[in-house]
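Asks: Coordinates only, no sequence provided:
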């Protein structure tokens, strides 16, 4: 005796019948969409290298949630122009960003900027 399951003849009847399989497919697809949402949120996050975290503390730079949103927006703009490493100027501080990895790799305070030569960037964004 052959049973048709999703348009395919199979020599067995699934435990729980066809309804159990359909229910599990719905659960898997819902779980996948939730995973995709979380994955997209994680990719969009702003990351910070250990060097950047250290220089933020050393230079006394305080980043509010609004500042982080502005930095993320600037990274999105740089990404749309295919930038690889950008300098983002915000509040007299420079943030050197690895755009594809969405990671701040260094920060430079306004005092350090006076005597710095910045190399290895392909774009600059002023906020």
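Replies: That came in fine, so what should we check first? All values reported here derive from a predicted model rather than from experimental measurement. Numbers count the residues shown, from 1 in each chain.

Asks: Domain parsing of this structure, as residue ranges.
Replies: Domains of the chain are assigned by automatic domain parsing as 3-43, 46-126.

Asks: Pipe these into JSON lines and attach mean neighbour count and mean pLDDT per row.
Replies: Bear in mind the C-beta positions are built from the backbone N, C-alpha and C, glycine included. Listed next are the domains of the chain as JSON lines, based on neighbours: other Cβ atoms under 10 Å; pLDDT from 0 to 100:
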{"stretch": "domain 3-43", "mean neighbour count": "10", "mean pLDDT": "61"}
{"stretch": "domain 46-126", "mean neighbour count": "15", "mean pLDDT": "91"}
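
Asks: Residue 117: what secondary structure?
Replies: coil (DSSP: H, G, I helix; E, B strand; the rest coil).

Asks: How much space separates it from residue 58?
Replies: Distance, residue 117 to residue 58, using Cβ to Cβ, to the nearest Å: 20 Å.

Asks: got it, and residue 75?
Replies: Taken as Cβ to Cβ, the span from residue 75 to residue 58 is 23 Å.

Asks: Assign residue 104 to helix, strand or coil.
Replies: Classification of residue 104 using three-state DSSP returns strand.
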